[in-house]
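K.L.:
Give me coordinates for this.
(2 chains)
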Amino acid sequence: MNRDIKSVSELIAENHSKRSLLKFTENAVPRFLLVCAIISILTTIGIVFTLLFETFTFFKTVSFVEFITSKEWHPMHSSPNFGILPLVTGTLLVTAIAITVAIPIGLGAAIYLSEYASDKMRRVIKPVLEVLAGVPTIVYGFFALTFVTPLLRQFVPDLSIYNALSPGIVVGIMIIPMIASLSEDAMSSVPNSIRQGAYALGATKLEVAIKVVLPAALSGVIASFVLAMSRAIGETMIVTVAGGANPTTAIDVTSAIQTMTAYIVQVSLGDATYGSTVYYSIYAVGMTLFVFTLVMNILAFFISRKFREEY
Amino acid sequence: MEVIKQNQMVKNIPTRLLKNKFFTVLFLLATLTGLLVLAILLYRIFSQGIGYINWDFLTSFASRRPSDAGIKAAIYGTVWMMGVTAPIAFTLGVGTALYLEEYASKNLVTKIIQMNISNLAGVPSIVFGLLGLTLFVRGLGLDRSVLAGGLTMALLILPIIVVASQEAIRAVPKELKEASFGMGATKWQTIRRVVLPVAIPGILTGNILALSRAIGETAPLIMIGALTYIAFVPENLMSQFTVMPIQIFNWTGRPQEEFQFVAAAGIIVLLAMLLIMNSIAVLIRNKFQKRY
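P.N.:
Below is the predicted model:
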């Protein structure tokens, strides 16, 4: 710090002359900062309450039992039907594809970075991988629609323009850095003495990685899977652009689907009248989405906390 | 205890080594997959969009004819929105981080605030959109204005800023603070003259990265209704607006194929802006980071 450095006596004199002002700031500053902290709490409460209130209004017109058991989601129909299952199916289908893509690739990259790569290489590759996570999701959506879907059509001829497969794969690519980075952190923190013990017994690098390091880092690795899944469930733009708007419980990756997030966007794009059942339905869907991701996040926290191995 | 079967062991070694080699290649391939996709993505977008980038594209408004379409309204909208988001998110985020790190006693309330913040970071952005729609657009009657959008975005990036700032503040060595207290400085004097100057590069880096996240976000702004045909720049905080990702989303949805290239051109502008912001963040980190 090359600012004017004061001597102790000067500081004391200054404090003395401005005692009342000092007392005021010393009291006021923490209060102001506390207000900042409280706002962050209010945000959470705000989210939960707006969702709850509007969801409650929704359930005045639609029965809760229908919402969670019906397999039909036709909100715009003349005789509308509100069963969340098709939207949940679509969401989980995309998430399943994404996770299938991201776990092997992300974990492989994590093992490579933590066990094989030199320090120098890791310092180059990790930030570049993180660029993948920083690409705006609308860009991924555009990529899925204009590149991945046409590419997949060469192999799967009956793939429709909007389908579950293409956004699923692209969401998977988006969450690779999350799995790779978090798993690498977990594996790097496994102490070296354990590795060296295994090498001394004649294990190969692969055996050390798979049979020693991975089990030791398992809680962190699984937590990274769960967090990545939560991210995939909440992902919006990729599935909106490339997934279509066809809520269905059929598990068919080649045809159009609709996820919870894509439905919310669809309604906000159209002119759902304020106060209509369709308008309130986005809150019920949002609530479901919130509960899903909250459970996942708490689960990940719990896994990495409780099952951590201590050395 | 069983004696090691030496013959069996020797026989196993070639297979084990082969497996080791095979998986080394596999792991390397997994690492390269991500990088390869990134390369393809960038190549595709640049080859599609670069032909559409020119001065006219940057300075004209959206149009129904692809050849006339421009991104001016979206660039101005983004800048306006950032003008609202940045100061609010910065003040609240750094304030919360300072409170949690320097003032809060380790009690239940602090624990709840801390858990809340990490939970907020995991809430999908579209849920923040629902909050913005209810609270700012309908509740406070701000309508589809720059102010409503900026406030929503500020709340969205708040948890990221808090966590990054907390880490920066925590990294300030204790000795510096103790020296300051030892010289008779009060708590706030110590924070303002010792802690903050040391922590500010880390705080700024976190803030810029969070802002670049906000620039790329689309879903919450669609929720609050920023997707309309806009051919003007915002004049005040209550003006309607559009931002770059939304303009791109809009072009992506057009049936004419030519709009795909316009969308790609828009993406290039968006990525360029993000790249500049990230470079600034890295620059700050490298230039001002001192070791104590």
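
K.L.:
How about the contacts made by the residue of the stretch 151-292 of chain B found nearest chain A?
P.N.:
When scored by C-beta to the nearest C-beta, the stretch 151-292 of chain B has B:Gly216 as its residue closest to chain A, at 3.0 Å. C-beta here means a position set from N, CA and C on the backbone, and glycine is covered the same way. By C-beta atoms under 8 Å, 6 or more residues apart in numbering or on different chains, B:Gly216 lies in contact with A:Gly134, A:Val135, A:Pro136, A:Thr137, A:Ile138, A:Val139, B:Pro245, B:Leu270, B:Leu274.

K.L.:
Compute the distance between it and A:Ile175, please.
P.N.:
16 Å (C-beta to C-beta, to the nearest Å).

K.L.:
cool, A:Leu129 as well?
P.N.:
Counting by C-beta to C-beta - A:Leu129 and A:Ile175 are separated by 12 Å.

K.L.:
out of those two, which sits in the more crowded spot?
P.N.:
A:Ile175 (28 against 23; other C-beta atoms under 10 Å in any protein chain shown).

K.L.:
Tell me the secondary structure of the more buried one, please.
P.N.:
Per DSSP: H, G, I helix; E, B strand; the rest coil, the local secondary structure of A:Ile175 is helix.

K.L.:
cool, and B:Val233?
P.N.:
When classified by three-state DSSP, B:Val233 comes out as coil.

K.L.:
Can you tell me the closest non-neighbouring residue to the residue nearest the centre of chain B?
P.N.:
Centroid-nearest residue in chain B, with C-alpha atoms, centre = their mean: B:Arg213, separated by 2.0 Å. Distances taken as C-beta to C-beta, 6 or more residues apart in numbering or on different chains put B:Ile157 closest to B:Arg213, at 6.0 Å, once the chain neighbours are dropped.

K.L.:
For the one you found, grab the count of nearby residues.
P.N.:
Residue neighbour count, defined by other C-beta under 10 Å, stands at 27 for B:Ile157.

K.L.:
what's the answer for A:Thr277, then?
P.N.:
Residues lying near A:Thr277 (other C-beta under 10 Å) number 17.

K.L.:
In chain A, where is pLDDT below threshold?
P.N.:
A:1-6, A:271, A:306-311 (pLDDT under 70).

K.L.:
now do the stretch 151-292 of chain B
P.N.:
In the stretch 151-292 of chain B (pLDDT under 70), the answer is B:226-229, B:289-292.

K.L.:
where exactly do the helices run in it?
P.N.:
B:174-182, B:187-190, B:196-216, B:219-223, B:244-252, B:258-288 (DSSP state H, counting those that start in this stretch).

K.L.:
Quick one: residues contacting residue 220.
P.N.:
Using chain A. A:Leu182, A:Ser183, A:Asp185, A:Ala186, A:Met187, A:Ser189, A:Ser304, A:Arg308.

K.L.:
Hmm, no, I was thinking of chain B.
P.N.:
B:Ser125, B:Ile126, B:Phe128, B:Gly129, B:Gly132, B:Thr152, B:Met153, B:Leu156.

K.L.:
Per-residue pLDDT of the residue nearest to B:Phe136 when sequence neighbours are not counted, please?
P.N.:
Among residues not flanking B:Phe136 along the chain, B:Ala148 sits closest, at 4.0 Å (C-beta to C-beta, 6+ apart). B:Ala148 is assigned 91 on the pLDDT scale.

K.L.:
Verify the contact between B:Ala148 and B:Gly132 for me.
P.N.:
Yes - with contact defined as C-beta atoms under 8 Å, B:Ala148 reaches B:Gly132; the gap is 6.3 Å.

K.L.:
Quick check: neighbours shared by these two?
P.N.:
Common neighbours of B:Ala148 and B:Gly132 (C-beta under 8 Å, 6+ apart) are B:Ile224.

K.L.:
Which parts of the stretch 201-311 of chain A are strands?
P.N.:
Taking DSSP state E, counting those that start in this stretch as the criterion, the stretch 201-311 of chain A contains no strands.

K.L.:
any residue of the longest helix seen in chain A up close to chain B?
P.N.:
Of all the segments assigned as helix in chain A under DSSP state H, the longest by residue count is helix A:19-61. Yes - judged by C-beta under 8 Å from any C-beta of the partner chain, helix A:19-61 and chain B are in contact via A:22, A:25-26, A:29-30, A:32-41, A:43-44, A:46-47, A:50-51, A:54.

K.L.:
Give the ChimeraX command for selecting the buried subset of those residues.
P.N.:
To isolate the buried members of the residues of helix A:19-61 next to chain B in ChimeraX, using 16 or more other C-beta atoms under 10 Å in any protein chain shown:
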select /A:22,25,29,30,33,34,36,37,39,40,41,43,44,46,47,50,51,54
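
K.L.:
beta partners of the closest residue to B:Met238 other than its chain neighbours?
P.N.:
Setting aside the residues directly before and after it, B:Met238 is nearest to B:Ser145 in space (C-beta to C-beta, 6+ apart), at 4.5 Å. In this entry, B:Ser145 is beta-bridged to B:Gln240, by DSSP bridges.

K.L.:
Look at B:Ser145 and report its pLDDT.
P.N.:
For B:Ser145, the predicted pLDDT is 86.

K.L.:
Report the contact partners of B:Phe241.
P.N.:
For B:Phe241, the contact set (C-beta under 8 Å, 6+ apart) comprises B:Ala73, B:Tyr76, B:Gly77, B:Trp80, B:Met81, B:Ser145, B:Val146, B:Gly149, B:Ala226, B:Ile230, B:Pro234.

K.L.:
try 10 Å this time
P.N.:
Shown in contact with B:Phe241 (C-beta atoms under 10 Å, 6 or more residues apart in numbering or on different chains): B:73-74, B:76-81, B:144-150, B:221, B:226, B:228, B:230, B:232-234.

K.L.:
what do you get for B:Thr96?
P.N.:
B:Thr96 neighbours (C-beta under 10 Å, 6+ apart): A:33-41, B:104, B:113-114, B:117, B:158-159, B:161-163, B:165-166.

K.L.:
list the buried ones in the helix or strand where it lies?
P.N.:
Per DSSP states H and E, B:Thr96 falls inside helix B:72-98. The neighbour-count check on helix B:72-98 (16+ other C-beta under 10 Å) flags B:72-78, B:80-82, B:84-86, B:88-90, B:92-98 as buried.

K.L.:
before we move on, what about stretch A:233-252?
P.N.:
Buried-residue list, stretch A:233-252, by 16+ other C-beta under 10 Å: A:233-244, A:246-249.
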